[in-house]
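Colleague: here is the input, now give the coordinates:
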Amino acid sequence: MSWFSEVELGPPIEVFALTKQYTEDAFEQKTYRTSEGKPWVLPVVRAAEKALANDDTLNKEYLPVLGIEAFSNAATRMLLGEDSPAIVQSRILRWKYINPRFRPRGFPRGSQKCPEGAVIILHACAHNPTGCDPTEDQWKQIAEVIREKKLFPFFDSAYQGFASGDLIRRCLCCKIFCAGRF
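Modeller: You can find the predicted model right below:
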């Protein structure tokens, strides 16, 4: 049984439905478009972009791996609600129980502390900031713990191809989790 089998399809997201209608509309004199049909950028936006690009005092570093904790907590509470079972039962995980550097065999042991049914976020490949890619055997161990603990894995695949240099090659977690072995 799928985790999503009882979720009903909701109505289209209004902004996307509106954009689709706009794009399909044959009327040629559309607002905020150039004569080529491209978005017209307000001059104040262009000025702000230039000011930001030329400001050498701005910090362009990545945020910490977990982001800004206060923001993440507030966003989670807003999304799920203060009385959400996931919040009340402390099932929101932000690398809390696992070593983000994926020490060999460290993840499966650490993840066994996760409460059953928790959502867990994994980098599919080229872990940021370490660049680490678990081996196929390590992914199998990770998959086994996720199966045993009935965890719900989400994969962040923002760096597909960075570690291997091959954008097309499927990452090992996809091979294991998506090929019916999980």
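Colleague: low-confidence ranges in the protein?
Modeller: Low-confidence segments of the chain, defined by pLDDT under 70: 65, 93-112, 127-131, 162-163, 167-171, 174, 178-182.
Colleague: quick one: the helices in it, in order.
Modeller: 14-24, 43-53, 69-80, 85-88, 106-111, 136-149, 172-177 (DSSP state H).
Colleague: which one of the ones you listed lies closest to Gly37?
Modeller: With CB to CB as the criterion, Gly37 lies closest to helix 14-24 of those, at 9.4 Å. For the C-beta atoms, the positions are set from N, CA and C on the backbone; glycine is no exception.
Colleague: a markdown table for the helices of the chain, including distance to Tyr159 and mean neighbour count?
Modeller: Below are the helices of the chain laid out as a markdown table (distance: least, CB to CB, whole Å; neighbours: other CB atoms under 10 Å):
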| stretch | distance to Tyr159 | mean neighbour count |
| --- | --- | --- |
| helix 14-24 | 27 | 10 |
| helix 43-53 | 25 | 10 |
| helix 69-80 | 20 | 12 |
| helix 85-88 | 27 | 14 |
| helix 106-111 | 18 | 18 |
| helix 136-149 | 16 | 17 |
| helix 172-177 | 12 | 18 |
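Colleague: so which of these gets nearest Asp156?
Modeller: Judged by CB to CB, the one of the helices of the chain that comes nearest to Asp156 is helix 172-177, at 10.6 Å.
Colleague: what's next to that closest one, contact-wise?
Modeller: Identification of contacts with helix 172-177 by CB atoms under 8 Å, 6 or more residues apart in numbering yields 122, 124-125, 133-136, 139-140, 142-143, 153, 155, 182.
Colleague: quick revisit: nearest to Glu6, out of the helices of the chain?
Modeller: Nearest to Glu6 among the helices of the chain is helix 85-88 (15.9 Å), distances taken as CB to CB.
Colleague: can you give the contact residues for the closest one?
Modeller: So helix 85-88 is contacted by Thr76, Arg77, Leu80, Gly81, Arg91, Ile92, Val119 (CB under 8 Å, 6+ apart).
Colleague: roughly how far apart are Glu2 and Glu148?
Modeller: Careful, residue 2 is Ser and not Glu. The gap separating Ser2 from Glu148 is 19 Å, by CB to CB, to the nearest Å.
Colleague: again with Val119
Modeller: When distance is defined by CB to CB, Val119 is 16 Å away from Glu148.
Colleague: now Pro11
Modeller: The span separating Pro11 from Glu148 equals 38 Å under the rule CB to CB.
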